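**Student:** Model the structure of this input:
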Amino acid sequence: MDELEIDAVAEVDVDDPVLVEGLPGVGHVGSLAVEHLLEELEGDSTLVRRVYSREFPPQVSVENGVSELTCAKVYAVSVPDGRDLLLLTGDHQAQTNEGHYVLTDAFLDIAEEFGANEVYALGGVPTGELIDEYAVVGAVSHESLLEELEEAGVEFRDDEPAGGIVGVSGLMLGLGERRGFDAGCLMGETSGYLVDPKSARAVLEILETVLGFALEYETLDERADEMEDVIGKIQEMEQQQQMDVPTDDDLRYIG
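**Tutor:** You can find the predicted model right below:
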């Protein structure tokens, strides 16, 4: 296999599409968001491209006993009363710095091929602690894009995220700007410890406002309830561990 191979699965007409990237990252926020978009808009989506690369881990996924080589996938989605979408999803990002550049260029090539000139990268920004209120932090490729996203509820903070944005999401901004795309990154706050459906919903609600479509959230909320149960058990374990720590009085009677 070559370093990079793109399979043209289908050709469809899309109207003024927007590329939306949701590959795995912190809290799996971006990948959860794009998965939910595909679930909700399944009847209007078509798989159009598979992207294979030696930069992906050397493995296959297996479903019902049938294997599939690791790849990224692009779906074209017709959105009633909204902008058409190109949804980029997959189970992995590149394993090297060079691979991130190669793959991001390939993704932008596909966007150009379908006539897109606007990109949104979705992801998470870690807080290091469990949170109740989920803000969405943003970054854009041009100052002119700030106002619309601020009006939609995105927060732009000085020097945050600390250390910048790495991986495909960051390069969608950097390489996208150099290639003439209007690019934005929407990052839901998340603890960074667990898969975070609530953060994914916060990001999607911003995207709804910006791109003019509407979603139902029942399945995503169910996943959020499941994660709440997991968090509750973790907190119980932490409290129990704190209770089991010996006090000075306990230690007085040891040896």
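
**Student:** Would you verify that residue 139 is located in a strand?
**Tutor:** Yes. Looking at residue 139 with DSSP: H, G, I helix; E, B strand; the rest coil, it is inside a strand.

**Student:** neighbours of it, just the number please.
**Tutor:** 24 (other Cβ atoms under 10 Å). Placement of C-beta: from N, CA and C, glycine included.

**Student:** any idea which element the nearest residue to it once chain neighbours are set aside lies in?
**Tutor:** The shortest distance from residue 139 to any non-neighbouring residue, by Cβ to Cβ, 6 or more residues apart in numbering, is to residue 185 (4.7 Å). Using DSSP states H and E, residue 185 maps to strand 182-190.

**Student:** which strands and helices sit next to the helix or strand just after that strand?
**Tutor:** Next helix or strand after strand 182-190 toward the C-terminus (DSSP H and E): helix 197-211. Of the remaining helices and strands, those touching helix 197-211 by 3 or more Cβ pairs under 8 Å, 6 or more residues apart in numbering; DSSP states H and E are helix 29-40, strand 118-126, strand 136-140, helix 146-151, strand 182-190, helix 218-244.

**Student:** at 6 Å instead, please
**Tutor:** helix 29-40, strand 136-140, strand 182-190, helix 218-244 (3 or more Cβ pairs under 6 Å, 6 or more residues apart in numbering; DSSP states H and E).

**Student:** ok now it, how far from the chain's centre?
**Tutor:** 11 Å (Cα atoms, centre = their mean, to the nearest Å).

**Student:** If I take it and strand 182-190, what angle do their directions form?
**Tutor:** 150 degrees (axes from the mean of the first three to the mean of the last three Cα atoms, to 10 degrees).

**Student:** roughly how far apart are residue 135 and residue 181?
**Tutor:** From residue 135 across to residue 181, the span is 25 Å (Cβ to Cβ, to the nearest Å).

**Student:** Give me the more crowded residue out of these two.
**Tutor:** Between residue 135 and residue 181, residue 181 has the larger neighbour count (other Cβ under 10 Å), namely 21 against 17.

**Student:** Hmm, that one is touching residue 116, no?
**Tutor:** No. Using Cβ atoms under 6 Å, residue 181 is not in contact with residue 116, being 7.8 Å away.

**Student:** picking up where we left off before, hmm, who's touching the strand holding residue 185?
**Tutor:** 27, 29, 118-125, 127, 131, 134-141, 145, 165, 169, 172-173, 176, 196, 199, 202-203, 206 (Cβ atoms under 6 Å, 6 or more residues apart in numbering).

**Student:** Repeat that for stretch 148-157.
**Tutor:** 135, 136, 137, 138, 206, 209, 210.

**Student:** Same question for stretch 123-131.
**Tutor:** 25-27, 29-30, 137, 161, 169, 187-192, 199.

**Student:** which two from those end up farthest apart in space?
**Tutor:** Greatest spacing in the contacts of stretch 123-131, by Cβ to Cβ: 169 and 191 (18.6 Å).
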